[in-house]
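> Any chance you could fold what I've pasted below:
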Amino acid sequence: MSGPDGGRPPRLPLGPSIEELDAEVARWVRPGQELRWFLRRFTGNPSLIAGVGILLAYLAVAVAAVVYFGSSLTNPPFRATWAEAIPPPGPSATHPFGIASGLGVDVFSEVVRAFPVDLGLTAVAIGIAGSVGVVLGAYAGVRGGWTDLGITFAADVEAGMPPFFFVIVLYLGTELLLPPVTRLYAFPVLFGAVLWPYYARPVRAVAQKVATEPFVESSKAAGGTRGHILLRHVIPNSLYPALAQVPVDLYSIFFVLTVFPYLSCSGPSFYGDLTPLPSPFFPEWGSLLAQGTCYGFSIVSPPGYWWMYAFPLAAIVGLGFGVTLACDGIDRWLSVRRRA
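A predicted model of the protein is given here:
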């Protein structure tokens with residue numbers, strides 16, 4: 001079939017690409033209007049405001065802890081008189097969170113010391129898992145073929161193993177190869193390597209659908225490269241299943257950091273070798289929760305020493321709540337783009 005001039009038939013227009021629309025909008029948007037539009041979207045998103053506010057408060061406490069404690073941040077003082085105190089002193093004006101019997105530490109001081117440690121552990125683990133999983137999943141969904149088959153096969157094989165036990169097996173396999181001081185840094189990297197399939201699989205499914213949308217076809221017709229299309233169009237519109245996975249992985253990290261210190265204080269001591277913490281007195285919320293529960297809670301007696309585990313648990317739940325609200329707010333923010 002030929003066109004009117006005997007050559008190839010003309011291509012049907014696919015419509016303007018997002019880049020062309022952005023350029024057209026920029027011609028009539030007045031200076032400062034984009035900022036007002038941004039602030040209007042932000043103030044109209046209460047989940048994002050609350051989540052970002054909570055995370056900024058946690059970050060502020062973490063920075064203050066690093067500045068105040070300095071080099072003694074990870075070396076909390078141990079007092080034998082506190083460790084042997086039965087019953088342990090509860091919250092007071094001198095010790096707002098009480099004293100942890102058996103640990104010999106001030107609970108408030110240790111919870112504050114743990115802020116930068118736990119924020120760093122969770123940020124590295126989820127950052128590695130999320131970035132690797134989202135990029136690989138989106139690339140597999142767009143590329144297809146053998147690339148899609150290989151990435152999907154690797155994700156399915158790894159996701160078929162329980163992540164809780166898989167990360168422990170990986171940690172035990174590398175524990176003897178690493179100096180004790182670096183084991184804490186290796187833990188979030190291993191956890192991120194275990195969790196990436198849980199981001200890649202749902203993102204791939206959404207990316208396959210996004211890749212067939214008209215605005216993606218328009219970008220291809222306008223000469224957009226595969227990397228540009230992936231970063232500009234596919235990933236932002238395929239991100240919402242990954243955002244729903246972040247709070248789940250956050251709590252799973254603390255589950256691993258809590259369960260084995262708890263077993264080490266209530267069962268055989270070799271369970272303590274499974275935790276990446278350098279010592280039982282290292283400030284970390286999961287370890288504080290485990291040991292506080294071990295020393296301060298009993299099923300057969302009233303939980304009289306509630307402060308030993310309640311405050312570390314509150315710090316973990318507060319972080320998870322802030323992350324959940326922030327992820328929900330980001331999803332609402334991106335949904336405006338998806339609807340457009």
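
> Please spell out the segments of the chain that come in under the pLDDT threshold.
Along the chain, the model assigns pLDDT under 70 to residues 1-39, 41-42, 76-86, 101-103, 180-181, 224, 264-274, 296-304, 336-340.

> Pick out the residue closest to the middle of it.
The centroid of the chain falls nearest to residue 126 when counting by C-alpha atoms, centre = their mean (3.7 Å).

> Would you check that it makes contact with residue 249?
Yes - Residue 126 lies in contact with residue 249 (C-beta atoms under 8 Å); the separation is 5.6 Å. Quick note: C-beta positions are derived from backbone N, CA and C, even for glycine.

> Now for the two: what residues contact both?
Shared contacts of residue 126 and residue 249, defined by C-beta atoms under 8 Å, 6 or more residues apart in numbering, comprise residue 195.

> Quick check: the residue nearest to the centre of the chain is in a helix.
Yes - counting by DSSP: H, G, I helix; E, B strand; the rest coil, residue 126 is located in a helix.

> Pull the contacting residues for it.
Counted by C-beta under 8 Å, 6+ apart, residue 126 has contacts 192, 195, 246, 249, 250, 253.

> What residues sit buried inside the helix or strand hosting residue 259?
Assessed by DSSP states H and E, residue 259 sits inside helix 240-266. Along helix 240-266, these residues count as buried under the neighbour rule (16 or more other C-beta atoms under 10 Å): 240-243, 245-247, 249-254, 256-265.

> cool, and stretch 222-233?
Buried residues in stretch 222-233 (16+ other C-beta under 10 Å): 224, 229, 230, 232, 233.

> can you give me the end-to-end distance of it?
The separation between the terminal residues of stretch 222-233, taken as C-alpha to C-alpha, to the nearest Å, is 14 Å.

> so how far is that stretch from its chain's centroid?
Mean C-alpha position of stretch 222-233 versus that of the full chain (C-alpha atoms, centre = their mean, to the nearest Å) differs by 27 Å.

> same thing with stretch 112-126?
For stretch 112-126, the distance to the chain centre is 10 Å (C-alpha atoms, centre = their mean).

> ranges for the helices of the stretch 201-340 of the chain?
Here the stretch 201-340 of the chain has its helices, by DSSP state H, counting those that start in this stretch, at 214-221, 226-229, 235-237, 240-266, 285-296, 307-339.

> For those helices, could you give me CSV that also reports distance to residue 98?
Formatted as CSV, the helices of the stretch 201-340 of the chain follow (distance: least, C-beta to C-beta, whole Å):
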stretch, distance to residue 98
helix 214-221, 57
helix 226-229, 54
helix 235-237, 47
helix 240-266, 18
helix 285-296, 9
helix 307-339, 4
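
> Which one, of those helices, ends up nearest to residue 117?
When the helices of the stretch 201-340 of the chain are compared by C-beta to C-beta, helix 285-296 sits nearest residue 117, at 8.3 Å.

> mind checking the backbone torsions on residue 64?
phi -60, psi -40 (degrees, to the nearest 10).

> give the contact list for it.
Neighbours of residue 64 in contact, by C-beta under 8 Å, 6+ apart: residue 112.

> From residue 112, how far out is it?
8 Å (C-beta to C-beta, to the nearest Å).

> can you tell which of the helices of the stretch 201-340 of the chain is closest to residue 133?
helix 240-266 (6.8 Å).

> Report the angle between that closest one and helix 307-339.
Interaxial angle of helix 240-266 relative to helix 307-339 (axes from the mean of the first three to the mean of the last three C-alpha atoms, to 10 degrees): 170 degrees.

> list the helices and strands helix 240-266 packs on?
If you count contacts as 3 or more C-beta pairs under 8 Å, 6 or more residues apart in numbering; DSSP states H and E, helix 240-266 packs onto helix 107-143, helix 163-175, helix 183-195, helix 197-210, helix 285-296, helix 307-339.

> Can you say which of these is nearest to residue 44?
Closest to residue 44 of the helices and strands packed on helix 240-266 is helix 307-339 (C-beta to C-beta; 9.1 Å).

> give me every residue that touches residue 187.
121, 125, 171, 276.

> tally of neighbours for residue 199?
For residue 199, the neighbour count with other C-beta atoms under 10 Å is 28.

> Might you report the residue contacts of residue 47?
325, 326, 328, 329, 332.

> name the element it belongs to?
Per DSSP H and E: residue 47 is located in helix 46-69.

> cool, and residue 40?
Assigned by DSSP H and E, residue 40 falls in helix 33-43.

> can you tell which of the helices of the stretch 201-340 of the chain is closest to residue 147?
The nearest among the helices of the stretch 201-340 of the chain, by C-beta to C-beta, is helix 226-229 at 11.2 Å.

> quick one: contacts of that closest one?
With C-beta under 8 Å, 6+ apart as the criterion, helix 226-229 contacts 142, 143, 216, 219, 220.

> any idea how far residue 232 is from residue 211?
13 Å.

> quick one on the thing from earlier: most tightly packed of the helices and strands packed on helix 240-266?
helix 285-296 (a mean of 24; mean count of other C-beta atoms under 10 Å).

> which helices and strands sit right next to that one?
strand 99-100, helix 107-143, helix 240-266, helix 307-339.

> how about 7 Å then?
helix 107-143, helix 240-266, helix 307-339 (3 or more C-beta pairs under 7 Å, 6 or more residues apart in numbering; DSSP states H and E).

> quick one: the shortest one to chain centroid distance?
Averaging C-alpha coordinates over helix 240-266 and over its chain gives two centres that are 11 Å apart (C-alpha atoms, centre = their mean).
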